[in-house]
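S.K.: 3D, please:
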Amino acid sequence: MYGYISLYFKPNQKERLNYVSHYCSMCHSLKKEFGNIYRMFIIREVSFFSLIKIEFNEESIRRIKCPWVGFKEKHIYKDLELFKEFAYLNNLIIYGKIYDKLYDSNLNKYKILIKKLRKKLIEYYGIDFIINYEKILEEQFIIEKEKLPLEEYFKPSIKIIKLILEKHKLDVPDDFSFYVGTLLYLFDALYDFNKDIKRGNFNPIFTFYNVNDLSLLKKENKEYLDFIIDFSIKKIIEILDSSNIKNKHLVKKLFSFSAIYHKAKIEELFISKDCKRKHESNNLYLAINK
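M.R.: Just a heads-up that it's a prediction; the model follows:
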């Protein structure tokens, strides 16, 4: 889950400065709050969320030389405290990923890491919030044991997005979580289809449609999945356009170009016999490291 919003376009100078200052501030905040190791696991959507909440002000950033990219010049916010909540949000999502892996694969080697991370997250979010988060994750595990209508599998993902938006007070309406949660879960299911089948993990597309290759989906089923994706993208753009969010133009542009990119990739999956995710160099890192 997550990692779908990136710079799939060539930004102008101000757009690049805005995005990179958020991304790099996240990186430095993760170092400050959690240590260097977590800087390798920045989730792109968290920078997207910070853009929604923190208004860009060029006077609020400073130049640095970053050793992680050959001491090239980068920019970070002078007040890193602004990004503390997003460092914790980043690692809340990481925690959920590890929690899921522990359930799926019984990876006992992660137990020490997850206990330390959980303790840190409890200090920030409180025990009630973390327990609620874990209950939603476990709800996902339970429903994935059953054969249900496809839309039922989306519900825990929607609840997690809603929990995050409310806790971090992002200025978007409730239905934003519905469309984002639906889109993220469906993207994950489609991109991970072959990998899930190979590893014997649950996949809602395989369970609901009973096919072991996306190209074998019936035409009407592909069209239905396309409809869910297209409608969710449309509604998210409408919500962003009408909401009182910061950096509205850049936020809409980031989401729109990312949606176009992934929609095209998913169309390829429907006609390809090999649905493995392609690990190509993406524009996010090209843009940041130029």
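
S.K.: isn't residue 52 up against residue 168?
M.R.: No - using C-beta atoms under 8 Å, residue 52 makes no contact with residue 168, being 9.4 Å away. Where you see a C-beta, it was placed from the backbone N, CA and C, and this is true even at glycine.

S.K.: which of these two has more neighbours?
M.R.: The residue with more neighbours, out of residue 52 and residue 168, is residue 52; 21 against 17, by other C-beta atoms under 10 Å.

S.K.: identify the residues contacting the more buried one.
M.R.: With contacts defined as C-beta atoms under 8 Å, 6 or more residues apart in numbering, residue 52 is in contact with 170, 171, 172, 245, 246, 247, 251.

S.K.: for it, which non-adjacent residue is spatially closest?
M.R.: Closest residue in space to residue 52, ignoring its immediate chain neighbours: residue 245 at 4.7 Å, by C-beta to C-beta, 6 or more residues apart in numbering.

S.K.: name the SS class of the one you found, please.
M.R.: Going by DSSP: H, G, I helix; E, B strand; the rest coil, the secondary structure assigned to residue 245 is coil.

S.K.: next, it: phi, psi?
M.R.: For residue 245, the backbone dihedrals (degrees, to the nearest 10) come out as phi -110, psi 160.

S.K.: now residue 165, nearest residue through space, not along the chain?
M.R.: residue 177 (5.6 Å).

S.K.: buried residues in the helix or strand hosting the one you found, which are they?
M.R.: Assigned by DSSP states H and E, residue 177 belongs to helix 175-191. Applying a neighbour-count criterion of 16 or more other C-beta atoms under 10 Å, one finds 176-191 buried in helix 175-191.

S.K.: all helices of the stretch 101-250 of the chain, in order?
M.R.: Taking DSSP state H, counting those that start in this stretch as the test, the helices found in the stretch 101-250 of the chain are 111-125, 127-143, 155-167, 175-191, 193-199, 204-209, 219-242, 248-271.

S.K.: what's the angle between the first one and helix 155-167?
M.R.: The one in question is helix 111-125. 40 degrees (axes from the mean of the first three to the mean of the last three C-alpha atoms, to 10 degrees).

S.K.: packing partners of helix 111-125?
M.R.: For helix 111-125, the elements it packs on are helix 84-105, helix 127-143, judged by 3 or more C-beta pairs under 8 Å, 6 or more residues apart in numbering; DSSP states H and E.

S.K.: weakest of those helices by average pLDDT?
M.R.: Note on these: helix 84-105 shows the lowest mean pLDDT, a mean of 88.

S.K.: pull out the buried positions in it.
M.R.: By 16+ other C-beta under 10 Å, the buried positions in helix 84-105 come out as 85-96, 98-99.

S.K.: who touches residue 143 in this structure?
M.R.: Residue 143 makes contact with 152, 153, 155, 156, according to C-beta under 8 Å, 6+ apart.

S.K.: my bad, should have said residue 164
M.R.: Per C-beta under 8 Å, 6+ apart, neighbours of residue 164: 49, 89, 92, 170.
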